[in-house]
Each structure stands twice: as structure tokens, then as C-alpha cells.
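1. 3D, please:
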Amino acid sequence: MKKVIWFLAVLGIVALALSGCGKSAATQPAQQEQAKPFRIAVILPSSIHDLAFSQSMYDALVAVQKQMGGESAMQFVYSDGMYKVDDAAAAIRDYASQGYDLIIAHGSQYGSSLQEIAPDFPKTSFAWGTTVDTFGMPNVFAYEAASEQGGYVNGVMAAKLSKSGVLGVIGPIETGDAQRYVEGFIAGAKATNPNVKVQVTWTGSFSDVSAAAEAANTHIAAGADVLTGTAQMVVGAIGVAKEKNVLWFGTQADQSSLAPKIVVANQVYHWEIVLTQMIDLIKKGTLGGKAFAINLANGGEVVEYNPQFNLPKDAKEAAEAAIQGIKAGSIKIPLNTKK
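-> Residues are numbered from 1 along each chain as shown. Got it, this is the predicted structure:
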């Protein structure tokens, strides 16, 4: 009798064990589904190592991936060097067909492509910048940088440091965050020294390194002892500034490594502020229809001083005062930006 009871007890334990295994196997697909990573594809007009616009987005994606817990939580792929709009459009459509959760067209030149492609993939989220125009589409986000703010701060320091009273600016195309940065830089310089002369050259290209170098040489020949500029082409201008020992102020990414002795400070974009908001909205079912901006107040823009440059105390104090004034709203930066 005892043997029978013992045998039945063993059978019961085995049955419970098998039942437990069956439950675990049944729930495994659901657990895997919950752990599915958020997938992002980004189209970039230049290299991820351009120390400018494209790198600012790439660095932000790396940072967000780390914040979310690594590749198990967020994965991203990129196509860089997409300066040809037709090639970029083909890449956007290809990524959309692969079912990515968010496709970022990181460049104002890609707007018309999104207008055509986004309606064909209503369950996919798209984003583009720098602009606030979502085209009224429910699956398109837009984002921009208040680049005039860091531009203003750089202009304050430039006017403080210039001995000749002449500053040179190299811009790509007179639109978007490039124009806003230039306008902010001029405003900051003029507010610090009303007599300062600011010369501006628009090269007509985001990527023409030789044109940027030529513009830098022209400014220096005209007496400029401080230069700044925006877009991936500025590596050419920085090279000239380094050769001629002329000071440089950067924007979009940290450019100090290119010329540690003459780069004073950089306005660095942190698109993480935008990306995290988009991801949260998409996860909750909002696929687009909203615009975002990064600025000094929300931490999307940060003025970083080059630690290898000996910045005079009064110049840094003036920069910090400008930063606080912009954040508080006591400093208003006039803009005449073309949309």
C-alpha cells in the first residue's frame, strides 16, 4: 500500500513538472514579443564622422540606444553620404518596406521625398529636420534646432576675442539652422561690440570643402582674425584657420579635435531630446503630426568650451551671462530666417 502511495506521489510531481514546462514554453513567444527592439533607420547627407550635422544625429542615436539598454531595446541602421536626393528617396522607401518603426530623413532637402513616400506607409513613422513642417501628415514628425542661441553665445565670445574687429562667417545655403546660426552669431557679436564687422559668405553647398577653404582665405585676407561656419564643409575652413592661426567657433558637433589650439568653443547638438520624445509617442500609438525643437533651455544644445584653449575669464563670463539670459528669456535674438 505504501509503495502505491509513493508511486502516485511521484507521478503527481512529474505531472506538475511537465505542466510547468508546458506553461513556460507557451509564454516564451509572448515574452519574446515584448522584448522586440525598437528599430530606427536614418538617412544622412554626409559621413557619420563629419564633425557636423550628420555626426550630431549619429551620436544622438548611439546615446539613446545606450539609455534604452542597448541593442536588445533599440537598434538602428544608417545610410550616410546621401547627398543625392534621389538616392536618399530610394533608401527611405526601402527602409519603410522593411518595417522599421521610425525612419529619419536628416536633412531639409529630403522633405519632398517624404511627402511622396509617407502616405504609402501609413503605419510607419517618419521624421525630418531641420524644420517644423509635418505636411499635416499623421505619420510625419518634424524637428529643428534653435541654432541662433548657441550662435549668439559664440558671437559674444568672438567679439570679445577679436583684435582686428573683423569676423568671418562661412555658411552653406541661406536656410534652416544654418541661417539661424549665422543670424544669431551676428546678433551676439553686435550686442557685444556694435562696431565689429561681420563678413558672411554663402558657398551654395553643404559639402564643398574647397569652397569653404576659399571663403576662409578671403575673410582672413580682409582682416578677419576669428572665423565660424556651419555644415560638413567647414573642415576646409578649419584647416585654413589652423594654418593661419585664426580662431574658430564651431556648431552642430564638437570640432575641437580638428585644431585644438585655435578652436575656442562649439555649440553641440543633442538630438536625444527629440528622439526620446518621438520613440515614446510612437510606442503609445502617435505616429507623427508633431514638431520638436532643441535649444539651450531643454539641453538639446550645449555650448562646450575647448579645454585645450585658454579662454580669457571675461570672455567666458560674458558667454555664461548670455547663456543664462537666453534661457531666462531676457535676451531676445532677432531673426529674419527664410522658411
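
2. Could you pull out the strands in the stretch 51-200 of the chain for me?
-> Listed in chain order, the strands of the stretch 51-200 of the chain (DSSP state E, counting those that start in this stretch) span 74-79, 102-106, 125-129, 140-145, 166-171, 197-202.

3. Also the stretch 201-339 of the chain?
-> With DSSP E, counting those that start in this stretch as the criterion, the stretch 201-339 of the chain has strands at 226-229, 247-252, 263-269, 291-294, 301-305.

4. Could you single out the most deeply buried of the ones you listed?
-> Highest mean neighbour count of these: strand 226-229, a mean of 30 (counted as mean count of other C-beta atoms under 10 Å). From N, CA and C alone the C-beta is placed, and that goes for glycine too.

5. Report the rounded mean pLDDT for that one.
-> Averaged across strand 226-229, pLDDT comes to 98.

6. want to try CSV for the strands of the stretch 201-339 of the chain, with distance to residue 119 as columns?
-> What follows is those, written out as CSV (distance: least, C-beta to C-beta, whole Å):
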stretch, distance to residue 119
strand 226-229, 37
strand 247-252, 31
strand 263-269, 29
strand 291-294, 19
strand 301-305, 33
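
7. Now do the helices for this structure: every range, in order, please.
-> With DSSP state H, the ranges of helices along the chain come out as 2-34, 53-68, 85-97, 111-117, 147-161, 176-192, 209-221, 234-244, 272-283, 313-328.

8. Just send the strands of the stretch 51-200 of the chain back as a markdown table, with distance to residue 87 too.
-> Formatted as a markdown table, the strands of the stretch 51-200 of the chain follow (distance: least, C-beta to C-beta, whole Å):
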| stretch | distance to residue 87 |
| --- | --- |
| strand 74-79 | 8 |
| strand 102-106 | 12 |
| strand 125-129 | 16 |
| strand 140-145 | 20 |
| strand 166-171 | 25 |
| strand 197-202 | 25 |
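
9. Of the ones you listed, which is nearest residue 308?
-> strand 166-171 (21.8 Å; C-beta to C-beta).

10. Now tell me what touches the closest one from outside.
-> Applying C-beta atoms under 8 Å, 6 or more residues apart in numbering, the contact partners of strand 166-171 are 155, 158-159, 178-179, 181-182, 185-186, 189, 196-203, 212, 215-216, 218-220, 222-231, 233-234, 237.

11. Same check on stretch 80-91?
-> 43-48, 54, 58, 79, 105, 107, 109-110, 112-113, 116-117, 206-207.

12. so how far is it off the chain centroid?
-> Taking C-alpha atoms, centre = their mean, to the nearest Å, one finds the center of stretch 80-91 at 18 Å from the center of the full chain.

13. Out of the contacts of strand 166-171, which end up buried?
-> Buried subset of the contacts of strand 166-171 (neighbour count, 16 or more other C-beta atoms under 10 Å): 155, 158-159, 178-179, 181-182, 185-186, 189, 196-203, 212, 215-216, 219-220, 224-231, 233-234, 237.

14. where does the stretch 51-200 of the chain have low pLDDT?
-> Along the stretch 51-200 of the chain, the model assigns pLDDT under 70 to no residue.

15. show me what contacts the nearest residue to residue 336 once chain neighbours are set aside?
-> Spatially, and ignoring its direct neighbours in sequence, residue 336 is nearest to residue 183 (6.7 Å; C-beta to C-beta, 6 or more residues apart in numbering). Going by C-beta under 8 Å, 6+ apart, residue 183 touches 148, 151, 333, 334, 335, 336, 337.
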